[in-house]
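Engineer: here are the coordinates; sequence isn't available:
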């Protein structure tokens, strides 16, 4: 039931946007009674936060290939793949357009990114342990350097985003780490 | 008159957003009659596109200090300075939230970024001529690498954006260029 409700919430979010989403709409789509939802979630806000967290926790697998370059390439390509799906683009659109008006959604957005970076940090700490990256590399900074050009293209320049974008982001992030431009502070 | 109308349009945009902006509102704020605006601009869309282009063309001076590092630092710090003003944040918010619903504004946004990068390209081509950067460095890619982490923080992570952010972006972009991670294709 929980999975069906969360998936229905994501679908509603991509189709109607955050502002227009209702518990009733999600319940109808999930084929459950709305009291079932209210028994598990306080309100639509809590439901959306949970649905987004659950979606963003599962859409990018954390690789462990034994080498930093292939790990980062897998991460960046997964990010490109998930953000260029219809659902990925719709969620980006919704989160960006509604978060500026709805403080609660802005908080959810910040937490989602924090969580995404935290889950991927082992990729960087393992690389440091293997001696592939400088010991003082900041894992979160490296991961943000990897993600930033991908999101920048998606949101601002409207250029195509593909595997070449992902692979260039890997080269930039690794060059920055090796040049010690991403030290922990 | 022209400057007053464009400035009034920017103020309206930051206060009411794109969707609610009217030629009448801009005319009132600029102290001109709306027919004056219609004589110079076809409609509100054209006026907003012009106002944004004019604002974004003037807010970041193009430095020429004779060295790539100080040029890029000046660029990045100017970008941080303009985007963290009340007007900068409001324009970012407006453009992001409305561009997803209004295709014309999305086009304007893409054109603004193209224009911004094109105006700054001499910073990179001069550095290549001085032998400070690899000859095959792609000027636009380097400038996007410089800007991406700043916009990423502003839009997605909600972290503070300051001179340290700008200076780290410079180190990352230079490291990437020196490692030939930003070749022209």
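Structural biologist: Structure's in. What do you need? In this text the structure is predicted, and so the values were computed from the model without any measurement.

Engineer: Any idea how many residues pack against the nearest residue to residue A:159 once chain neighbours are set aside?
Structural biologist: Spatial nearest neighbour of residue A:159, excluding adjacent residues (Cβ to Cβ, 6 or more residues apart in numbering or on different chains): residue A:153 at 4.8 Å. Glycine gets a C-beta too; all of them are placed from N, C-alpha and C. By other Cβ atoms under 10 Å in any protein chain shown, the residues close to residue A:153 number 21.

Engineer: is it true that residue A:153 lies in a helix?
Structural biologist: Yes. According to DSSP: H, G, I helix; E, B strand; the rest coil, residue A:153 belongs to a helix.

Engineer: quick one: contacts for residue A:153?
Structural biologist: A:159, A:160, A:161, A:165, B:144 (Cβ atoms under 8 Å, 6 or more residues apart in numbering or on different chains).

Engineer: Let's see that with 7 Å instead.
Structural biologist: A:159, A:161, A:165 (Cβ atoms under 7 Å, 6 or more residues apart in numbering or on different chains).

Engineer: List only buried entries from these.
Structural biologist: A:161, A:165 (16 or more other Cβ atoms under 10 Å in any protein chain shown).

Engineer: helices or strands next to the longest helix along chain A in the packing?
Structural biologist: The helix that spans the most residues within chain A, counting by DSSP state H, is helix A:103-129. Where contact means 3 or more Cβ pairs under 7 Å, 6 or more residues apart in numbering or on different chains; DSSP states H and E, helix A:103-129 is packed against helix A:44-58, helix A:68-83, helix A:86-99, helix A:139-152.

Engineer: domains in chain A, as residue ranges please.
Structural biologist: Under the assignment automatic domain parsing, the domains of chain A span A:2-51, A:61-178.

Engineer: out of those domains, deepest packed?
Structural biologist: domain A:61-178 (a mean of 19; mean count of other Cβ atoms under 10 Å in any protein chain shown).

Engineer: What's the end-to-end length of that one?
Structural biologist: 25 Å (Cα to Cα, to the nearest Å).

Engineer: Check the offset of that domain from the chain's centre.
Structural biologist: 8 Å (Cα atoms, centre = their mean, to the nearest Å).

Engineer: quick one: average pLDDT of it?
Structural biologist: When pLDDT is averaged over domain A:61-178, the result is 93.

Engineer: got the residues of chain A near chain B?
Structural biologist: Residues of chain A lying near chain B by Cβ under 7 Å from any Cβ of the partner chain: A:93, A:96-97, A:100-101, A:106, A:109-110, A:113, A:144-145, A:147-149, A:151-152, A:155-158, A:168, A:171-172, A:175-176, A:179, A:181.
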